[in-house]
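Need the 3D shape of this:
(chains A and B)
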Amino acid sequence: MRSLRTACAAVAALVLAGCAAEPSGPAPVPPATERDQDALIRYAQRVLVDGCLDRQGLAVAREPSSPQESRRLRDALFGAGPTELSLALPTGHTVRAHTDGCLAAARHALYGDQRRWFRAEVTVNNLSAEAAARMRADPAHRAARARFARCLEAAGPTRTPGPEQGVEQRCARESGLASVEARLRPTRLAEVRLLRRDQLTTHTRLRTRALHRAAEISAAYPHGNTPEKGSASP
Amino acid sequence: MTLKRTLASAATAVLLLTGGLAAAAAPAGAAECPSGEFCAWENADFSGQRANWSGDDHWWESWIADEDSSWANHGISGPGIKDHVRVYSSANLGGHMTICLAPGQEVNYNGAANDDGDSHTWAMSC
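You can find the predicted model right below:
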């Protein structure tokens, strides 16, 4: 962890100074599968975040020694003060985030535009929640939920946590809730995907940008290839 | 990783204290949620009693289940680390997903879906 941190500090300094934009060889090629792409972006983000924290004498891997250090880490990582970013979702949730802090700085370096990425990410991450909210507003779903609730009530009040979900499954089936959801869910999801197609497009575009940036960072500091502390500092 | 149920009553007392202090000390907009954890508060604006989890909980304690009014994801990201949080309206990740938060994201209130959460899970994506 220590060696990753020091490498991260160096690469973060490079990236923030713009040096990484001038690779000596051909541009690194991002991986093809979504799983590998996700891993690459996660790696690069972690490199940037760890470097940012390291410059402040902090690290996520180290247990905070006091409540004060814990708070300092939290503020340094997630940002402090009022949240600058906010987006009201149709589900009623207003999601917020900070534009300061190491996480925000890393996202800015990767995605280029924090605000646009925030809006696209929050929207796309909650498409299924938005679709569920629409589904629940459907009279057929309301009626099925009422039947489902009556079925659960009839089954008795003592339901215990754990893997025993037989009653809920039986009631979902007998009330028709399961079949109503199977019918409505795909339609509502298709609706919201069409409705939010601009944000979906932005999401794809900014993610592609982040992927190329992450490939540069990863090529400059590949896994396990960690220089001595300070060797690449400006 | 699930919050141990056997520790629940002791934890509740600690959480009550933590939540009370957080409510008094926090400036507007700051969520007092430890790094690496997902937090839910019984009141809006990250106030009142706070539940915090580093892992999944498929059956929220009764004091926070359907009493949740604000939320914050302070998960740590990294390769192979589940850092997104999905909140569900029923136990055992049932009902419907009410909200999905990436690390660093928080919700200080929701008038429409207030007091709706019953379980949550950490995931690689939403």
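
Show me where chain B has its helices.
For chain B, the helices defined by DSSP state H occupy B:8-25.

residues in contact with the spatially most distant residue from the centre of it?
Farthest-out residue of chain B from its mean C-alpha position, per CA atoms, centre = their mean: residue B:79, at 22.9 Å. Under the criterion of CB atoms under 8 Å, 6 or more residues apart in numbering or on different chains, the neighbours of residue B:79 are A:39, A:42, A:43, A:46. All C-beta atoms are positioned from the backbone trio N, CA, C, and that covers glycine.

quick one: low-confidence ranges for chain A?
Applying pLDDT under 70 to chain A picks out residues A:1-25, A:157-165, A:224-234.

can you check chain B too?
In chain B, residues with pLDDT under 70: B:1-30, B:112-113.

Stretch B:36-52 spans what distance, first to last residue?
Terminal residues of stretch B:36-52 are spaced 10 Å apart (CA to CA, to the nearest Å).

Helix, strand, or coil at the residue in chain A that chain B sits nearest to?
Using CB to the nearest CB, the closest approach of chain A to chain B is made by residue A:92 at 2.7 Å. The three-state label given to residue A:92 by DSSP: H, G, I helix; E, B strand; the rest coil is coil.

Next, count neighbours for it.
17 (other CB atoms under 10 Å in any protein chain shown).

got it, and residue A:30?
Residue A:30 is flanked by 18 other residues according to other CB under 10 Å.

and it, what helix or strand is that in?
For residue A:30, there is no enclosing helix or strand under DSSP states H and E.

Just list the residues touching it, thanks.
When contacts are counted by CB under 8 Å, 6+ apart, residue A:30 touches A:37, A:40, A:211, A:212, A:214, A:215.

Kindly give a single ChimeraX line that selects the buried subset of those.
Selecting only the buried entries of the contacts of residue A:30 in ChimeraX, with 16 or more other CB atoms under 10 Å in any protein chain shown as the criterion:
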select /A:37,40,211,214,215
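
Turn the contacts of residue B:79 into a markdown table, including distance to residue B:63, neighbour count and secondary structure.
Output for these, formatted as a markdown table (distance: CB to CB, whole Å; neighbours: other CB atoms under 10 Å in any protein chain shown; DSSP: H, G, I helix; E, B strand; the rest coil):
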| residue | distance to residue B:63 | neighbour count | secondary structure |
| --- | --- | --- | --- |
| A:39 | 38 | 18 | helix |
| A:42 | 35 | 18 | helix |
| A:43 | 39 | 21 | helix |
| A:46 | 35 | 20 | helix |
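
Those residues also near chain B: which ones?
Applying CB under 8 Å from any CB of the partner chain, the subset of the contacts of residue B:79 adjacent to chain B comprises A:39, A:42, A:43, A:46.

In these, find the pair that's most separated.
By the measure CB to CB, the ones next to chain B among the contacts of residue B:79 have their two most distant members at A:39 and A:46, which lie 10.5 Å apart.

so how many other residues sit close to residue B:52?
20.

wait, doesn't it sit right on residue B:37?
Yes. If you go by CB atoms under 8 Å, residue B:52 and residue B:37 touch, sitting 4.5 Å apart.

any common contacting residues for those two?
With CB under 8 Å, 6+ apart, residue B:52 and residue B:37 have no common neighbours.

In chain A, what residue spans correspond to helices?
Going by DSSP H, chain A shows helices at A:2-17, A:34-54, A:67-78, A:102-111, A:114-125, A:127-137, A:139-154, A:166-174, A:177-195, A:197-220.

who wins for proximity to residue B:85 among those helices?
When the helices of chain A are compared (using CB to CB), the closest one is helix A:114-125, at 10.4 Å.

What is the distance between the closest one and the centre of its chain?
With CA atoms, centre = their mean, to the nearest Å as the basis, helix A:114-125 stands 10 Å off its chain's centre.

same deal with stretch B:38-50?
The answer for stretch B:38-50 is 8 Å, by CA atoms, centre = their mean.

end to end, how far does it reach?
10 Å.

got it, and stretch B:55-70?
For stretch B:55-70, by CA to CA, the gap between its terminal residues amounts to 18 Å.

Outside of it itself, list whatever touches it.
For stretch B:55-70, contacts defined as CB under 8 Å, 6+ apart pick out A:161-162, B:1-3, B:8, B:12, B:31, B:40-49, B:51, B:87, B:91-93, B:106-110, B:114-122.

how does it look with 7 Å?
Residues outside stretch B:55-70 that contact it (CB atoms under 7 Å, 6 or more residues apart in numbering or on different chains): A:161, B:1-3, B:8, B:12, B:40-46, B:49, B:51, B:91-93, B:107-109, B:114-122.

same question, stretch A:114-130
By CB under 7 Å, 6+ apart, stretch A:114-130 touches A:85, A:87, A:89-91, A:95, A:97, A:99, A:104, A:107-108, A:111, A:189, A:192-193, A:196, A:199-200, A:202-203, A:206, B:97-100, B:102, B:105, B:126.

Now which of those would you call buried?
Buried among the contacts of stretch A:114-130 by 16+ other CB under 10 Å: A:85, A:87, A:89, A:91, A:95, A:97, A:104, A:107-108, A:111, A:189, A:192-193, A:196, A:199-200, A:202-203, A:206, B:97-100, B:102, B:105, B:126.

was I right about residue A:88 contacting residue A:95?
No. Residue A:88 is beyond contact range of residue A:95, at 8.2 Å (criterion: CB atoms under 7 Å).
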